[in-house]
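Asks: show me the folded form of this:
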Amino acid sequence: MEAQQKPAAGGKQWLKLLILALFIGAIVAFFVLGGQEYLTLDTIKSNRNALLNFTRDHRLAMIGIAFLVYTVAVACSLPGAVVLSLACGFLFGRWMGSLVIVAAATLGATLVFLAARYLIADWARSKMGALGRKINAGFSENAFNYMLFLRLVPVFPFFLVNLAPAFTNIKVSTYVLATAIGIIPGAFVFANLGETLGMLDSQSGLLSKEVLVALALLGVLALVPIVIKKLKSKRAPAA
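Replies: The predicted structure is shown next:
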């Protein structure tokens with residue numbers, strides 16, 4: 001029995017190393033090949049006509065390419081998500097652009113979530129103290145609402161929100177659903193902006209204060225069920 005467990009453990013380690021190598025390899029390749037130079041607003045605007053013509057002639061292929069590039073960018077936490085979101089709206093329109101953004105971002109976020117959970121979640125949980133275990137329990141109890149809040153409020157780095165839940169007990173299905181729903185408002189905003197890409201000069205100031213406040217309010221609304229639940233639980237003993 002012991003002899004059978006050792007090969008299995010060894011195979012698991014090799015799989016972990018392979019997954020880690022794939023992520024590191026993709027990140028290194030991106031910078032070595034100058035990917036950061038292509039994912040800029042200026043590059044897309046300077047190739048505006050060529051991109052539009054190719055999309056017109058090969059729409060399905062372009063949607064597939066955009067979906068793949070966006071998924072890899074999110075999964076590997078590569079820079080350029082804002083530019084890719086604008087490009088999706090620019091090339092496919094606000095509705096199809098939003099759909100591509102939501103689907104690709106959700107898949108990419110889920111891949112990095114699953115990789116982090118498989119690679120280091122057990123180790124991370126073993127290092128949690130009493131406070132960490134308490135936070136994990138509270139987050140897991142209201143996982144959907146917390147995840148929705150983190151996705152809707154544009155304050156937290158996207159890559160951090162992708163990774164951190166992997167160290168909790170949140171269900172994969174809950175993570176995927178809350179991620180997909182939470183991404184929708186921001187995806188629509190950027191896809192809508194993408195349709196006016198020719199008039200945008202830089203990424204700064206893309207989101208108005210009104211849009212940021214609206215997204216923040218949506219995030220706060222996601223926490224309302226948790227507050228109500230806690231208030232009820234406090235009143236229950238008194239009753």
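
Asks: surely residue 96 and residue 63 touch.
Replies: Yes - with contact defined as CB atoms under 8 Å, residue 96 reaches residue 63; the gap is 7.2 Å. From N, CA and C alone the C-beta is placed, and that goes for glycine too.

Asks: which strands and helices lie in contact with the longest helix belonging to the chain?
Replies: Criterion DSSP state H: the longest helix present in the chain is helix 81-127. With contacts taken as 3 or more CB pairs under 8 Å, 6 or more residues apart in numbering; DSSP states H and E, helix 81-127 sits against helix 2-32, helix 41-46, helix 48-57, helix 59-75, helix 158-163, helix 172-194.

Asks: can we see that at 7 Å?
Replies: The contact analysis (3 or more CB pairs under 7 Å, 6 or more residues apart in numbering; DSSP states H and E) places helix 81-127 against helix 2-32, helix 41-46, helix 59-75, helix 158-163, helix 172-194.

Asks: any idea how far stretch 13-24 is from the chain center?
Replies: How far stretch 13-24 lies from its chain's middle: 21 Å, per CA atoms, centre = their mean, to the nearest Å.

Asks: ditto for stretch 77-89
Replies: Averaging C-alpha coordinates over stretch 77-89 and over its chain gives two centres that are 12 Å apart (CA atoms, centre = their mean).

Asks: what's the average pLDDT for it?
Replies: Averaging pLDDT along stretch 77-89 yields 88.

Asks: now stretch 179-195
Replies: The pLDDT scores in stretch 179-195 average 87.

Asks: quick one: it to chain centroid distance?
Replies: Distance of stretch 179-195 from its chain centroid, counting by CA atoms, centre = their mean, is 12 Å.

Asks: need the contact partners of it.
Replies: The list of residues contacting stretch 179-195 from outside it, by CB atoms under 7 Å, 6 or more residues apart in numbering, reads 82, 85-90, 93-94, 97-98, 101-102, 105-106, 109, 147-148, 151-152, 154, 206-207, 211, 215, 218.

Asks: filter those residues down to the buried ones, ChimeraX style.
Replies: Remark: buried members of the contacts of stretch 179-195, expressed as a ChimeraX selection using 16 or more other CB atoms under 10 Å:
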select :82,85,86,87,88,89,90,94,97,98,101,102,105,106,109,147,148,151,152,154,207,215,218
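
Asks: who's in contact with residue 22?
Replies: If you count contacts by CB under 7 Å, 6+ apart, residue 22 has none.

Asks: for residue 133, that is, sorry about that
Replies: Residue 133 neighbours (CB under 7 Å, 6+ apart): none.

Asks: now it: how far from residue 124?
Replies: Distance of residue 133 to residue 124, given as CB to CB, to the nearest Å: 12 Å.

Asks: verify the contact between residue 72 and residue 23 for me.
Replies: No - if you go by CB atoms under 7 Å, residue 72 and residue 23 don't touch, sitting 10.1 Å apart.

Asks: rewinding a little: looking at the helices and strands packed on helix 81-127, which is buried most?
Replies: Of the helices and strands packed on helix 81-127, the one with the most neighbours on average (mean count of other CB atoms under 10 Å) is helix 172-194, at a mean of 20.

Asks: what's the angle from that one to helix 81-127?
Replies: Taking axes from the mean of the first three to the mean of the last three CA atoms, to 10 degrees, one finds helix 172-194 and helix 81-127 inclined to each other by 160 degrees.

Asks: residue ranges with poor pLDDT in the protein?
Replies: Within the chain, the stretches with pLDDT under 70 are 1-11, 131, 197-239.

Asks: kindly recompute the last result at 80.
Replies: 1-12, 35, 121-135, 138, 154-156, 195-239 (pLDDT under 80).
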